[in-house]
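**Q** Need coordinates for the below:
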Amino acid sequence: MIKSDCFPLISIVMPVYNVAPYLKECIESVLNQTYQNFELIIINDGSTDDSLSVIKEMFPIEYPSNIKVIQTENNGLAAARNLGIKKAIGEYLFFLDSDDFLETEFLEEITHHIINQKCDVIIFNYRSVSESGNKQQGQHSEYTSGIFTSEKLMINYLEGNIQNYAWSYVAIKNLYQKNNIIFPANKAYEDIPVFPKILYFAEKIQVIRDVLYNYRQREQSITKEKRTQKTIKYLSDYLSNVEYNRKWMLQHLNPNYKINVYKYCINHYFQILMIARKDDSFPYNKLLKVMQCIKRDARYLSLNDISFKKLVFIYAVKLGLGRLCFSIIKFQSKSTT
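**A** Here you go, the predicted model:
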């Protein structure tokens, strides 16, 4: 095990909310790291299940000096992560979802690149695992590894070639503090407004292809009515975060990237439609703002900027046939499942 004061301290922020069945595996994946110069900040965000009991069973006498457990009311994932930023004392910061788990060499690999390349951000690869933890074959994304400037990687991000999950990178903590980067409170898809700022303010970014993280795919048991209401809320937050990014990026990025920003937004608007179509009960009137955004940004793009299918959809929306188009893609979704 590697532990030395000459190596950087990594702060791992782990919000916890009702994940008792997966929590022990997640914590153990941190404790078993081959690199041990870390602090683990566990924020129990008002869990109502046995999550706290799992934590206490793992540390029956006292918490080790490098582990902090913080109890809060249920304020949401964003608030828990923001609290972790404030409490962290490490030079680098990493957010770990408490139903996922790390590869044993995660921190060792990350620290190796930090020491050798002096990067502000390290982006790594991951794999999806089943709810029971069975690993799927292969990596999730075919990243191009290397050292990148902020500008180069921002283009890759706008083109959809870089994931923006909060757990998909490790960043120097000063990026958050110096630039007042926080997660938006009480919103789903809270990762979306954060990652572009991380890329923008970072001076040196390394992308590695190593699969270091295991992302658990969970099936949640929920009634149809509640599922629809939840989807409406999630997609409303999704749209709000994309609109925030649109405004922020148009203000801060090189004006030459305006077309890239509009394409980025169009792709996300269509992703919202793809999610909504999976819910048979999703009401079309909740997509009217998305349709307006599609019409607004499509006018900036040329025929070469949009796929043929999207182009046909956009023209139909302009003709007032949005409801019909949504019905068609919902039918296509059913026929392919």
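**Q** longest strand in the chain, by residue count?
**A** Counting by DSSP state E, the longest strand found in the chain is strand 205-216.
**Q** Quickly run through the sheet partners of it, with directions.
**A** strand 101-102 (antiparallel), strand 121-129 (parallel), strand 146-148 (antiparallel) (DSSP bridges).
**Q** got CSV for these, with distance to residue 215, mean neighbour count and mean pLDDT too?
**A** Where C-beta positions appear, they are placed from N, C-alpha and C, glycine not excepted. Below are the strands paired with strand 205-216 laid out as CSV (distance: least, CB to CB, whole Å; neighbours: other CB atoms under 10 Å; pLDDT from 0 to 100):
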stretch, distance to residue 215, mean neighbour count, mean pLDDT
strand 101-102, 9, 22, 98
strand 121-129, 5, 21, 93
strand 146-148, 23, 16, 93
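**Q** who wins for proximity to residue 323 among those strands?
**A** Closest approach to residue 323 among the strands paired with strand 205-216 (CB to CB): strand 121-129, 33.9 Å.
**Q** For the closest one, list the C-alpha coordinates in CSV.
**A** Extracted as CSV, the C-alpha positions of strand 121-129 are listed here (Å, rounded to 0.1, in the frame of the first residue of the first chain):
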residue,chain,number,x,y,z
VAL,A,121,-7.9,17.5,-14.2
ILE,A,122,-7.7,13.7,-14.9
ILE,A,123,-10.5,12.1,-16.8
PHE,A,124,-10.7,8.4,-16.7
ASN,A,125,-12.8,5.6,-18.2
TYR,A,126,-15.5,3.5,-16.6
ARG,A,127,-17.7,0.5,-17.1
SER,A,128,-21.3,-0.2,-16.3
VAL,A,129,-22.2,-3.0,-13.9
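**Q** roughly how far is it from the heart of the chain?
**A** Distance of strand 121-129 from the chain centroid (CA atoms, centre = their mean, to the nearest Å) equals 11 Å.
**Q** same deal with stretch 281-296?
**A** A distance of 24 Å separates the centroid of the chain from that of stretch 281-296, by CA atoms, centre = their mean.
**Q** Need the nearest residue in space to residue 173, chain neighbours excluded.
**A** In space, residue 173 comes closest to residue 93 once its chain neighbours are excluded; the distance is 4.4 Å by CB to CB, 6 or more residues apart in numbering.
**Q** My read is that residue 11 contacts residue 41, right?
**A** Yes. Contact criterion CB atoms under 8 Å: residue 11 and residue 41 qualify, at 6.4 Å.
**Q** Identify the contacts common to those two.
**A** Residues touching both residue 11 and residue 41 (CB atoms under 8 Å, 6 or more residues apart in numbering): 84, 88.
**Q** So between those two, which is more surrounded?
**A** Taking neighbours as other CB atoms under 10 Å, residue 11 and residue 41 compare with residue 41 leading, 26 against 23.
**Q** list the buried ones in the longest strand of the chain?
**A** Neighbour counts over strand 205-216 (16 or more other CB atoms under 10 Å) mark 205-208, 210-216 as buried.
**Q** Spit out the contact partners of residue 100.
**A** 22, 26, 167, 213-216.
**Q** Apart from its chain neighbours, what residue comes closest to residue 172?
**A** residue 120 (4.8 Å).
**Q** So which elements touch the longest helix anywhere in the chain?
**A** Using DSSP state H, we find that the single longest helix of the chain is helix 224-252. Using 3 or more CB pairs under 8 Å, 6 or more residues apart in numbering; DSSP states H and E, the elements in contact with helix 224-252 are helix 195-201, helix 258-276, helix 288-298.
**Q** what about it, distance to the chain center?
**A** Distance, centroid of helix 224-252 to centroid of chain: 14 Å (CA atoms, centre = their mean).
**Q** again, but for stretch 249-260
**A** Worked out by CA atoms, centre = their mean, stretch 249-260 lies 22 Å from the chain centre.
**Q** quick one: terminal-to-terminal distance for that stretch?
**A** End-to-end distance for stretch 249-260, by CA to CA, to the nearest Å: 10 Å.
**Q** for the helices and strands packed on helix 224-252, which one ends up most surrounded?
**A** Among the helices and strands packed on helix 224-252, helix 195-201 has the highest mean neighbour count (mean count of other CB atoms under 10 Å), at a mean of 22.
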